[in-house]
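Engineer: quick one: sequence and predicted model below, then my questions.
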Amino acid sequence: MHDILIVGAGPAGSLAARTMAEKGYEVMVLEEHRSPGKPQHCTGLVSEETIRMSRVKPDILSTLYGAEVVFPNGQSITVRADKPKAYLVDRIDLEIKMAEAAQNAGADYCYSEKYKSHSVRDAVLVETNVKSHRGKVLIGADGASSAIAMSLGENRPKEYLRGIQADVNFRMDDHDTFKMFIGNSIAPGFFAWMIPCESFTRVGLCASWSAGPPSEFLSDMLIRMGMQDRVMRIFSGKIPLGIRPMLVGDRIMLTGDAAGFVKPMSGGGLYPTFRANKPLTDTILSGLDADLLYSRDLSAYERLCNEDFGRELERSYALRKRYKKFTDADFNRVYDYLIKNDIVSDLNNIDIDHPTETLSKVLRKPKNFVSALSVMLRTIR
């Protein structure tokens, strides 16, 4: 019997596996696919801090210093910094290296084993399509559609996004700036992007679930840009927004997308997931040492996550709810507001991991607050 069973060999599962294996605990990771990182779902745009927390050195496809935000009226603003603001990493390479690091630390990996069910008594018994496994604790790192999360009860995130992107045989003129497109005709409820990747460009978007399949929006976008015949590959997935109501159960804990650890304004999940790793592993290891592994014993995990990054995600989700109500006319008013109040330069220092902090500082200026208030009040309907 292993000390810890983990379902999912993505970044969340592999970082937890490595941490606990390094401390001498017996860890087994169960992964339904034949290797980590495939199929690819995510864009791979991350901060330097996120790369550091991964504890590996993934291949970097591009280093980005700025972003151009294009509004529905065709006008745009550009924010830019002297230092890199984000990196586009090879997500497949990242996940392979994280899994290899966990295995080098002593974790066991079982590939092509799909989780079927589990039961909890004096241990956790996990059934897969191959065999049964016993462990003292089960970590659900099984992604946005987590079956382990739903085994705890009515435990859905606040909402799901649908995302799709294409790697296109096209080189952008600015190799250190990515483009972001907002507007309900382009990406209802979220945004679209173009990211330079050396010899190709990654073009994609996310949209609210109610908007329907995002493939139609991507097709329209590629046609408008004259890139419909340059597509090399397409990948897609769904993104949970909002931390799930329950993160723990008897001998069960959730992390990563399975827990809803995703930034609501960008759809990025690696930063909050890696932040969650210490509270996750500290709580589990304390429970293992004291043989206290029921939900009441593991509940400290929820509190620690909330204190660390949960409040930031909640504030971001509050902004997202307002963002979803914006019409294209509202977005254009935001552009006017930014130009009128000379705010663009204030946004050059925005932190992609903590965007609400920068926005709060901008709005603390009385002139900015009054001007922004008229824009925000239009969304109260």
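Structural biologist: Yep, it's here. Note that this is a predicted model, so its numbers are computed, not measured.
Engineer: walk me through the domains of the chain.
Structural biologist: Here the domain parsing of the chain from automatic domain parsing is 2-44+90-158+243-319, 159-240, 323-377.
Engineer: which of these sits most buried?
Structural biologist: With neighbours defined by mean count of other C-beta atoms under 10 Å, none of the domains of the chain is more surrounded on average than domain 2-44+90-158+243-319, at a mean of 20. C-beta: built from backbone N, CA, C; applies to glycine.
Engineer: what's across from S236 in the sheet?
Structural biologist: I164 (DSSP bridges).
Engineer: likewise for the one 4 residues further on?
Structural biologist: Applying DSSP bridges to P240 yields these beta-bridge partners: Y160.
Engineer: repeat that for I6.
Structural biologist: Bridge pairing for I6 - DSSP bridges - gives V29, I139.
Engineer: name all residues that make contact with it.
Structural biologist: Contact analysis of I6 by C-beta atoms under 8 Å, 6 or more residues apart in numbering lists G13, A16, A17, V27, M28, V29, L30, L138, I139, A141.
Engineer: what's the pLDDT at the closest residue to the fourth one other than its chain neighbours?
Structural biologist: I take that to be V27. Spatial nearest neighbour of V27, chain neighbours left out: A107 (4.2 Å); criterion: C-beta to C-beta, 6 or more residues apart in numbering. A107 carries a pLDDT value of 98.
Engineer: any idea how far A149 is from L247?
Structural biologist: 9 Å (C-beta to C-beta, to the nearest Å).
Engineer: shared neighbours of the two, anything?
Structural biologist: L254, A259.
Engineer: who touches stretch 45-63?
Structural biologist: 11, 15, 18, 44, 64, 84-91, 93-94, 97-98, 101, 175-176, 178, 195-198, 268, 270-271, 274-275, 277, 351-353.
Engineer: how about 6 Å then?
Structural biologist: 84, 86-90, 93-94, 97-98, 101, 196-197, 270-271, 274, 352-353 (C-beta atoms under 6 Å, 6 or more residues apart in numbering).
Engineer: repeat that for stretch 128-135.
Structural biologist: Contacts of stretch 128-135 (C-beta under 6 Å, 6+ apart): M1, H2, I4, L5, E113, K114, Y115, K116, A123, V124, L125, V126.
Engineer: returning to that earlier point: so the residue nearest to V27 sits against M28, correct?
Structural biologist: No. Between A107 and M28 there is no contact under C-beta atoms under 6 Å: 7.2 Å.
Engineer: any idea which element M194 lies in?
Structural biologist: strand 192-197 (DSSP states H and E).
Engineer: elements contacting that strand?
Structural biologist: For strand 192-197, the packing partners by 3 or more C-beta pairs under 6 Å, 6 or more residues apart in numbering; DSSP states H and E come out as strand 60-64, strand 177-181, strand 200-208.
Engineer: can I get the ones you listed in a markdown table with distance to I234?
Structural biologist: Formatted as a markdown table, those follow (distance: least, C-beta to C-beta, whole Å):
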| stretch | distance to I234 |
| --- | --- |
| strand 60-64 | 17 |
| strand 177-181 | 18 |
| strand 200-208 | 9 |
